[in-house]
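Enquirer: coords please:
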Amino acid sequence: MTNIETTRYELPPEGITLLGYIVRRMHKTAWLASIPKLLSQEHTAKALEYLAMYTAASSTSYGSAYYQPKFNAIGDSVSEPDPATGAIVTARLDSRSPNYNISYDVVMPNGDTFQGSEEITGTTVGLRGLGMPAPSRFTFTSGEYTAELTGIVTSELALSLFGRTRIRAFGSLNFKDNSGYSGRLDLKREGNLTITINEQVARYSLTELPFPVAAWQPSGGSVAICG
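Expert: Numbers count the residues shown, from 1 in each chain. Now for the predicted structure:
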């Protein structure tokens, strides 16, 4: 596993828009790239686990909040390939009032698709920080295999008297596929998550990234930006 701060990639020094940030936040598609092989080997529960993991990872950020992205206009769309897999990730701003509604999709090189939408319902103020709850829906299709995920993921700005404000998240997702598997994902503020599928439990940490990150260089390197 590699422990790095992904927010330096998601919020690059040259600046980025909200949609650009979301696209880069979703550049973790190595999880999706592993699913076809798992399905071909009939490891369907593991495939669903990887899908749930990608959904949580692509919906969140963990690390320093370097700045607030620039807002997009309604109807704007941003696309950029994931440098690790070549998957094309697109995000669109569908509306801004009364809530921000954002839709996005991923097209993998083999034709698999991941689609989702989130509604940022406002900002909550609490002792732990500023929260932005986002009820969300997701679908994934790989050949005849399909899965659906729904839930609420809350992004949170954790304010600090010392050091930089940090981004984190918490929430849960329920999911099911067309093979009879179903389950739940629970994400805690510290980045730990639990995935339960048909009573089998797997645990991960979003602050330790068990997927390829060498395709981009977060410290002093360069990243090709398309669009």
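Enquirer: pLDDT weak spots in the protein?
Expert: 1-5, 126-127, 160-163, 209-227 (pLDDT under 70).
Enquirer: need the helices for it, in chain order.
Expert: Applying DSSP state H to the chain gives helices spanning 7-10, 18-25, 30-33, 35-40, 44-58.
Enquirer: make JSON lines from the ones you listed and add mean neighbour count to it.
Expert: Placement of C-beta: from N, CA and C, glycine included. Output for the helices of the chain, formatted as JSON lines (neighbours: other CB atoms under 10 Å):
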{"stretch": "helix 7-10", "mean neighbour count": "20"}
{"stretch": "helix 18-25", "mean neighbour count": "23"}
{"stretch": "helix 30-33", "mean neighbour count": "22"}
{"stretch": "helix 35-40", "mean neighbour count": "17"}
{"stretch": "helix 44-58", "mean neighbour count": "24"}
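Enquirer: so which of those is nearest Leu149?
Expert: In terms of CB to CB, the element of the helices of the chain nearest to Leu149 is helix 44-58, at 5.3 Å.
Enquirer: the closest one vs helix 18-25, what angle?
Expert: Counting by axes from the mean of the first three to the mean of the last three CA atoms, to 10 degrees, helix 44-58 lies at 140 degrees to helix 18-25.
Enquirer: that older thread, as CSV, the helices of the chain with distance to Gly129 would be great.
Expert: Shown next, in CSV, are these (distance: least, CB to CB, whole Å):
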stretch, distance to Gly129
helix 7-10, 15
helix 18-25, 18
helix 30-33, 27
helix 35-40, 34
helix 44-58, 19
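Enquirer: next, count neighbours for His43.
Expert: 15 (other CB atoms under 10 Å).
Enquirer: what's the spacing between it and Pro36?
Expert: To Pro36, His43 is 11 Å away according to CB to CB, to the nearest Å.
Enquirer: flag every buried residue along stretch 116-135.
Expert: 116-120, 129, 131-135 (16 or more other CB atoms under 10 Å).
Enquirer: export the residues you listed as CSV, with columns for distance to Asn99.
Expert: Converted to CSV, these look like this (distance: CB to CB, whole Å):
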residue, distance to Asn99
Gly116, 16
Ser117, 12
Glu118, 10
Glu119, 5
Ile120, 6
Gly129, 20
Gly131, 14
Met132, 10
Pro133, 10
Ala134, 9
Pro135, 9
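Enquirer: residues near the closest residue in space to Ser59 that isn't next to it in sequence, how many?
Expert: Closest residue to Ser59 apart from its sequence neighbours, by CB to CB, 6 or more residues apart in numbering: Val153 at 4.6 Å. By other CB under 10 Å, 22 other residues sit near Val153.
Enquirer: Thr194 contacts Arg203, doesn't it?
Expert: Yes. Between Thr194 and Arg203 there is a contact under CB atoms under 8 Å: 5.5 Å.
Enquirer: the two: who's more crowded?
Expert: Each of Thr194 and Arg203 has its neighbours counted (other CB under 10 Å); Thr194 has more, 15 against 9.
Enquirer: who's in contact with that one?
Expert: 185-186, 201-203 (CB atoms under 8 Å, 6 or more residues apart in numbering).
Enquirer: try 10 Å this time
Expert: 172, 183-188, 201-204 (CB atoms under 10 Å, 6 or more residues apart in numbering).
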